[in-house]
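Enquirer: Here's a sequence, model it:
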Amino acid sequence: MLPPEIQHAPGVRLDHVGVAVRSLEEAVAFYRDILGFAPRPPETADGATIIAMAAGGVDLELLSSADPGSPIGKYVARHGPGIHHLCFRVPDLDLALRRCRDAGYRLINEAPRPGADGRRVAFLHPKATAGILIELSD
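Expert: Sure, this is the predicted structure:
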């Protein structure tokens, strides 16, 4: 059984869903023109161009890369377009990583690094999280 402070995940929330796409223009057109989402200006991180848009209380991040050697480029080449990762915002990223490490979860990033929106991020390996790439952010 988890300690009481972990059971209710205080301050933890789903921040965004990252979706790898081949064409940002085509993907943005659907979400903007059909669903009425308002895309924010593009930004770059990890060799990817990211266009985020609010989707209720959670953001949708469309991720594309012209560089086949980038993480998104490799993902699309292997798996095709689709959901790439889930990002959870945590109140204390360093503590969350320490808990993961202490519990034996495989980390892609041992320490936080710069991510989109100027936030610190770290990724957990999908082999440790039921096949889903998890990003933690503060």
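
Enquirer: any idea where the strands of the protein begin and end?
Expert: For the chain, the strands defined by DSSP state E cover 13-20, 43-45, 48-55, 58-64, 82-89, 113-114, 120-124, 134-137.

Enquirer: partner strands of the first one, parallel or antiparallel?
Expert: With DSSP bridges as the test, strand 13-20 is paired with strand 58-64 (parallel), strand 82-89 (antiparallel).

Enquirer: How about the second one?
Expert: Strand 43-45 has the following sheet partners, assigned by DSSP bridges: strand 48-55 (antiparallel).

Enquirer: contact partners of the partner strand?
Expert: With contacts defined as Cβ atoms under 8 Å, 6 or more residues apart in numbering, strand 48-55 is touched by 16-17, 24, 27-28, 31-32, 37-44, 59-66, 70-72, 116-117. Bear in mind the C-beta positions are built from the backbone N, C-alpha and C, glycine included.

Enquirer: go with 10 Å
Expert: For strand 48-55, the external contacting residues (Cβ atoms under 10 Å, 6 or more residues apart in numbering) are 16-18, 20-21, 24-25, 27-28, 31-32, 35-44, 59-67, 70-73, 75, 84, 115-117.

Enquirer: what does stretch 108-124 give?
Expert: Contacts of stretch 108-124 (Cβ under 10 Å, 6+ apart): 15-16, 18, 40, 43-46, 48, 50, 52, 59, 61, 63, 71, 85, 87-90, 93-94, 96-97, 100-101, 105-107, 125-126, 128-129, 132-138.

Enquirer: Between the two ends of it, what distance do you get?
Expert: End-to-end distance for stretch 108-124, by Cα to Cα, to the nearest Å: 5 Å.

Enquirer: So which bits of it are buried?
Expert: If you call a residue buried by 16 or more other Cβ atoms under 10 Å, then stretch 108-124 has these buried ones: 109, 112, 115, 116, 117, 121, 122, 123, 124.

Enquirer: where does this protein have low pLDDT?
Expert: 1-9 (pLDDT under 70).

Enquirer: Mind doing that once more with 80?
Expert: Scanning the chain for pLDDT under 80 picks out 1-10.
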